[in-house]
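Q: Need a 3D model of the following:
(one chain, ligands or ions: 3)
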Amino acid sequence: MSKNTYHITTFGCQMNEHDSEKLAGMLLQMGYYESPDKSAADVIIINTCSVREHADERFFGTLGQLKKVKEDNPLKTIAVCGCMMQQPHIVEKLKSKYPWIDIIFGTHNLQEFPKLLSNSLNDRNKTIDVWRENGDIVEGLPAKRKYDFKSFVNIMYGCNNFCSYCIVPYTRGRERSRHPSEIISEIEALVLTGVLEITLLGQNVNSYGNNCDFDMSFSELIYKLNDIQGLERIRFMTSHPKDLSDDLIQAYRDCSKLSKYIHLPIQSGSNRILKKMNRNYTRENYLSIVEKLRIAVPGIAISTDFIVGFPGETEDDFQDTIDLVDSIGFDSAYTFLYSIRKGTPAESFSDQVPEDIKHKRFNRLVEVLNKHSALRNEAYQGKLVQVLVEGPSKNNKMIYAGRTDTNKLVNIRTNKEAIGKIIDVLITETRSFSLFGKAVDSERY
Ligand code: SAH
Ligand code: SF4
Ligand code: F3S
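A: Numbering: from 1, shown residues only. Ligands and ions are numbered 1, 2, ... in the order given. Model (predicted):
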């Protein structure tokens with residue numbers, strides 16, 4: 001008998017990637033196997049993102065290709081889920097224009113997928129089940145993790161910040177934190193299977209534990225995790241500048257396993273724009289956090305996000321962003337063109353920036369950011385670093401890629417023995433987006 005197979009396409013952030021790992025875990029429990037080839041799979045899932053228009057477009061592009069696959073083999077199950085499904089106008093569009101989709105579900109009922117799949121297989125009727133409100137946190141879902149030696153761990157779900165441009169609070173619901181004992185036992189179990197590095201996931205990890213029936217802050221959680229024997233590295237995503245506490249900065253001093261790295265999205269260097277974005281901090285607040293972090297953790301790497309062309313952004317506002325980049329000198333940054341999201345406050349802001357101006361500013365900003373990335377990386381020349389080796393590099397199978405504690409990508413000429421290990425590497429060359437090095441223990445690696 002041939003095996004039943006599945007294929008999952010994932011758009012969006014780490015939260016979505018980890019949701020897909022959970023879907024894969026549920027499918028494995030149901031006896032399915034992963035198919036590397038999307039069109040050959042019996043169950044095809046698209047896990048969507050709606051953070052920018054481009055993400056929406058890519059989803060509809062993928063759907064266009066699947067239409068033919070479904071026509072050729074109507075017994076296949078096509079399921080769509082994720083953030084886009086939490087938007088009623090998208091579900092309406094799917095119902096009217098893509099009637100061949102079998103299952104539509106959202107971010108709040110991931111755990112229901114096995115039930116939705118068997119219902120759909122039994123009666124071959126279209127199943128639409130999207131919950132408007134978030135339910136209780138569901139513990140104990142299986143997950144098929146991408147790596148054996150590093151892993152995502154959710155610590156909280158949802159977002160209460162309502163930045164005026166952002167769709168996430170509408171697609172992921174209100175903030176809720178997992179109980180620390182659940183987080184700790186999940187990580188202890190992972191470490192027993194050989195996991196060395198964990199990345200704690202939340203839209204705003206600094207508000208971990210707010211409005212909960214337990215008493216633990218994010219920094220207190222870090223101290224607890226730092227005590228787990230066998231765990232080597234603790235990372236987290238994402239932290240919001242408005243509530244990054246001095247306690248967390250102290251945790252960087254005290255907890256040896258906390259990575260010397262932080263992703264701290266700033267979005268803009270202009271106080272006027274930050275206010276319109278509802279970010280609740282100023283550029284001065286941000287500069288002061290960076291200063292404190294750099295004093296507490298010499299060598300800490302800082303990355304950030306920018307939105308270019310937010311409604312009302314003038315040349316002066318944009319210049320404030322450039323000046324801020326020059327005074328901070330980020331290690332790396334993601335730069336996004338502002339994209340109107342339906343249902344967000346900024347959708348109705350009248351002073352949208354013309355596309356050509358947005359693009360010109362985008363290019364100017366990227367140029368300045370790249371210059372700083374290259375400078376930051378130059379400081380690594382000749383240095384000894386510890387790299388967690390992940391696997392062969394994308395472009396050259398003889399070279400292996402891994403990350404330093406500071407999250408720098410390092411390419412190393414080594415062998416597959418090194419995969420999943422933290423090894424000493426001497427940096428021999430630096431570029432804007434990566435470093436090159438050789439293993440110190442050249443006999444073994
Ligand atoms: N919770 C995280 C990440 C949210 S989404 C945080 O608060 O930082 C990731 C990034 O996408 C954001 O930091 C922002 O830079 C970008 N983004 C979100 N909405 C956007 C929009 N409407 N247009 C362009 N970029 C957007
Ligand atoms: Fe979106 Fe702001 Fe929440 Fe981040 S903090 S997810 S940008 S609303
Ligand atoms: Fe996208 Fe949803 Fe993540 S909108 S960025 S997949 S939380």
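
Q: Going by C-alpha atoms from here, please, whenever you check contacts or count neighbours.
A: Will do.

Q: Assign the closest residue to ligand 2 within the stretch 201-350 of the chain to helix, strand or coil.
A: Nearest to ligand 2 in the stretch 201-350 of the chain, going by C-alpha to the nearest ligand atom, is residue 203, at a distance of 5.1 Å. Here residue 203 is coil, with the state taken from DSSP: H, G, I helix; E, B strand; the rest coil.

Q: ok, how many other residues are close to the residue nearest to it when sequence neighbours are not counted?
A: Excluding its sequence neighbours, the residue lying closest to residue 203 (C-alpha to C-alpha, 6 or more residues apart in numbering) is residue 238, at 5.5 Å. For residue 238, the neighbour count with other C-alpha atoms under 10 Å is 19.

Q: Quick check: residue 238 vs residue 364, distance?
A: According to C-alpha to C-alpha, to the nearest Å, residue 238 and residue 364 sit 26 Å apart.

Q: for ligand 2, what are the nearby residues on the protein?
A: For the chain, the contact set with ligand 2 under C-alpha under 6 Å from any ligand atom comprises 159, 161-163, 166, 168-169, 203-204.

Q: Mind giving me the ChimeraX select for those, buried ones only?
A: Buried residues within these, by 16 or more other C-alpha atoms under 10 Å, are selected in ChimeraX with:
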select :159,161,162,163,166,168,169,203,204
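
Q: CSV for the residues of the chain next to ligand 2, including secondary structure and pLDDT?
A: Output for the residues of the chain next to ligand 2, formatted as CSV (DSSP: H, G, I helix; E, B strand; the rest coil; pLDDT from 0 to 100):
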residue, secondary structure, pLDDT
159, coil, 96
161, coil, 96
162, coil, 97
163, coil, 98
166, coil, 98
168, helix, 97
169, helix, 96
203, coil, 94
204, coil, 94
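
Q: So, low pLDDT: which residues of the protein?
A: 1-2 (pLDDT under 70).

Q: Got the domain ranges for it?
A: In terms of domains, the chain is parsed into 5-129, 150-377, 384-439 (source: automatic domain parsing).

Q: Among these, which comes closest to ligand 3?
A: That would be, of the domains of the chain and by C-alpha to the nearest ligand atom, domain 5-129, which comes in at 3.7 Å.

Q: Is any residue of that closest one near ligand 1?
A: Yes: using C-alpha under 6 Å from any ligand atom, domain 5-129 reaches ligand 1 at 51-52.

Q: what does stretch 154-162 give?
A: No: Stretch 154-162 is not in contact with ligand 1 by C-alpha under 6 Å from any ligand atom; minimum separation 7.4 Å.

Q: can you give me how far that stretch is from the chain middle?
A: Computed by C-alpha atoms, centre = their mean, to the nearest Å, the chain-centroid distance of stretch 154-162 equals 13 Å.

Q: Can you get me the start-to-end distance on it?
A: End-to-end span of stretch 154-162 (C-alpha to C-alpha): 20 Å.

Q: got it, and stretch 290-301?
A: Across stretch 290-301, first to last residue, C-alpha to C-alpha, it's 10 Å.

Q: Can you list the neighbours in contact with it?
A: By C-alpha atoms under 8 Å, 6 or more residues apart in numbering, the residues outside stretch 290-301 that reach it are 249-250, 252-253, 260-262, 328, 330-331, 406-407.

Q: picking up where we left off before, filter the residues of the chain next to ligand 2 down to the ones close to ligand 3.
A: Near ligand 3, by the rule C-alpha under 6 Å from any ligand atom, you find residue 168 out of these.
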